[in-house]
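**Q** could you work out the structure for the sequence below:
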Amino acid sequence: MRAVRVGAGVVVAAAAVGAAAGCGSVGAGGGTAPSASAEAGPCGAAPSVRPAGWTRDAVRILAVSADCLEYEVTNEGTEPADLTVLFGWSGSGTGLSSDPTGTQTAVAPGASVRGRVPLAGQPLGQPAAPDLPVRTVPDSWPSSASPRPSGAAGPAPDVKVLRVRSVPTAEAPSTGGACPASGVRVYADRGDAAMGLRVVGLHLENCGTRDVVLDGYPRTELLDEAHAPVAGVQVLKGGSAISTGTGADAPPRRFTVAPGGKASAGLVWRNTTDLSGPPVNAPYVRVRATADAAPVMVTPGLDLGTTGRIGVGAWAPEQS
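**A** Okay, the predicted model is just below:
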């Protein structure tokens with residue numbers, strides 16, 4: 001499988017950004033968006049001087065208002081890809097209470113598409129320090145600042161591109177919509193982290209018409225930013241190889257997942273560092289539910305520290 005590269009980094013896709021308050025995802029997957037214009041767009045006018053953090057890898061923030069954020073992303077790979085961009089506070093001025101995410105699906109190789117992320121309705125955070133006042137909309141909006149909101153009364157948040165993730169569209173995880181050709185959906189949850197211990201669930205849903213028989217552990221392959229295998233990591237059977245009480249401790253057993261049924265497994269690791277070597281990170285994991293199943297690429301963001309070990313729990317029935 002060829003890697004899908006996005007500038008200096010590559011990245012899992014989530015569901016496409018839904019339309020909200022006129023700020024839904026725009027741009028066809030295979031289309032090429034025009035270059036940024038000085039004219040005001042749906043999220044205001046692009047500033048003449050692009051603020052720091054507005055460009056990263058193959059992503060450009062085009063404009064930001066109090067209502068929405070407009071961006072452009074390019075697929076620099078050689079096959080269709082789902083591209084997910086995480087935005088966040090720039091570290092100065094007005095921020096947001098949460099980090100918005102935008103996703104473009106099935107972007108053709110070499111294509112650039114535009115998307116919008118709704119910001120209206122999200123409470124604004126506080127400035128970084130008392131001497132950084134909350135930004136208000138001035139009568140004369142400087143070209144070097146974030147664009148003045150069009151018809152909006154309130155500050156435009158100070159944002160930047162935090163992270164970009166890309167997966168081949170053919171391997172994108174699915175949590176809904178049309179059932180994949182394989183008849184099963186596989187995806188990862190957001191996980192849990194406490195005191196350096198990380199636990200991420202892998203979920204399988206039989207959305208097809210035939211029974212699925214599971215017997216053992218998910219097949220996993222850890223991948224780096226370029227989708228290349230990560231060497232030197234021990235993949236151990238069972239979460240108890242890392243820590244007990246994670247829910248990924250049960251021994252494997254054979255069972256059948258009927259149509260509409262679900263199963264789950266777990267990834268367990270520790271982010272512990274010492275002087276034994278550099279930390280190991282694996283943004284992506286390629287998962288096969290069984291040895292002959294189609295691969296699905298998820299993005300749990302494995303921060304393995306210097307431990308070099310991860311435990312994979314066995315598949316177990318999941319209650320609907």
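**Q** now the closest residue to Ser182 other than its chain neighbours: how far from Glu221?
**A** The shortest distance from Ser182 to any residue that is not its chain neighbour, by CB to CB, 6 or more residues apart in numbering, is 4.6 Å, and that residue is Ala294. The way it works is simple: take the backbone N, C-alpha and C, and place the C-beta from them, glycine included. Per CB to CB, to the nearest Å, Ala294 is found 13 Å from Glu221.
**Q** name the helices or strands packed onto the lowest-mean-pLDDT helix or strand in the chain?
**A** Of all helical and strand segments in the chain, the minimum by mean pLDDT, DSSP states H and E falls on strand 192-194, at a mean of 81. The elements that strand 192-194 packs onto, with contact taken as 3 or more CB pairs under 8 Å, 6 or more residues apart in numbering; DSSP states H and E, are strand 197-206.
**Q** so which elements touch the strand it packs on?
**A** Where contact means 3+ CB pairs under 8 Å, 6+ apart, strand 197-206 is packed against strand 184-188, strand 192-194, strand 212-215, strand 262-270.
**Q** please work out which of those strands is packed deepest.
**A** Counting by mean count of other CB atoms under 10 Å, strand 262-270 has the highest mean neighbour count of the helices and strands packed on strand 197-206, with a mean of 23.
**Q** check which helix or strand covers the closest residue to Gly238 other than its chain neighbours.
**A** Nearest-residue entry for Gly238: Gly311, 5.7 Å, with adjacent residues in sequence omitted and distances by CB to CB, 6+ apart. Gly311 is located in strand 309-312, with elements delineated by DSSP states H and E.
**Q** quick one: distance of that strand to the chain centre.
**A** 22 Å (CA atoms, centre = their mean, to the nearest Å).
**Q** following that strand, which helix or strand comes up?
**A** Downstream of strand 309-312, the first helix or strand assigned by DSSP H and E is strand 316-318.
**Q** list the contacts of that following strand.
**A** His203, Ala250, Arg253, Phe255, Val257, Gly261, Lys262, Ala263, Ser264, Ala265 (CB atoms under 8 Å, 6 or more residues apart in numbering).
**Q** re the thing from before, which residues does the strand holding Gly311 contact?
**A** With CB under 8 Å, 6+ apart as the criterion, strand 309-312 contacts 217-218, 220, 222, 233-243, 248, 265-270, 302, 304.
**Q** same question, stretch 173-183
**A** When contacts are taken as CB under 8 Å, 6+ apart, the neighbours of stretch 173-183 outside the stretch itself are 12-13, 15, 167, 185-188, 206-210, 212, 293-294, 296-298.
**Q** just the buried members of these?
**A** Among the contacts of stretch 173-183, the ones that count as buried by 16 or more other CB atoms under 10 Å are 12-13, 15, 167, 185-188, 206-208, 212, 293, 296-298.
**Q** and Phe255, how many neighbours?
**A** When neighbours are defined as other CB atoms under 10 Å, Phe255 has 14 of them.
**Q** from what I can see Pro229 touches Ala282, true?
**A** No - under the criterion of CB atoms under 8 Å, Pro229 makes no contact with Ala282, lying 9.2 Å away.
**Q** which neighbours do the two share?
**A** Overlap between the contact sets of Pro229 and Ala282, as judged by CB under 8 Å, 6+ apart, is given by Leu222, Leu223.
**Q** higher neighbour count, these two?
**A** Ala282 (22 against 11).
**Q** quick check: the more buried one vs Arg114, distance?
**A** Between Ala282 and Arg114 the distance, using CB to CB, works out to 31 Å.
**Q** and if you look at Glu225?
**A** Plainly put, Glu225 is 24 Å away from Arg114 if you go by CB to CB.
**Q** against Cys68, how distant is Gly41?
**A** In this structure, Gly41 lies at 10 Å from Cys68, with CB to CB as the measure.
**Q** which one of those two has more residues nearby?
**A** For Gly41 and Cys68, the more surrounded residue by other CB under 10 Å is Cys68, and the numbers stand at 25 against 19.
**Q** where does Glu171 fall, phi/psi-wise?
**A** Here is the backbone geometry of Glu171 (degrees, to the nearest 10): phi -110, psi 10.
**Q** next one, pLDDT for it please.
**A** Among the per-residue scores, Glu171 holds a pLDDT of 96.
**Q** list the contacts for the residue lying closest to it once chain neighbours are set aside?
**A** Leaving aside its sequence neighbours, Glu171 sits nearest to Met297 (CB to CB, 6+ apart; 4.3 Å). Met297 makes contact with Val12, Val167, Pro168, Glu171, Ala172, Pro173, Leu223, His227, Tyr284, Val285, Arg286, Val287, according to CB under 8 Å, 6+ apart.
**Q** next: Pro251.
**A** Going by CB under 8 Å, 6+ apart, Pro251 touches Gly238, Ala314.
**Q** next: the one 4 residues further on.
**A** If you count contacts by CB under 8 Å, 6+ apart, Phe255 has them with Val213, Leu214, Asp215, Ala263, Trp315, Ala316, Pro317.
**Q** thank you kindly, that will do.
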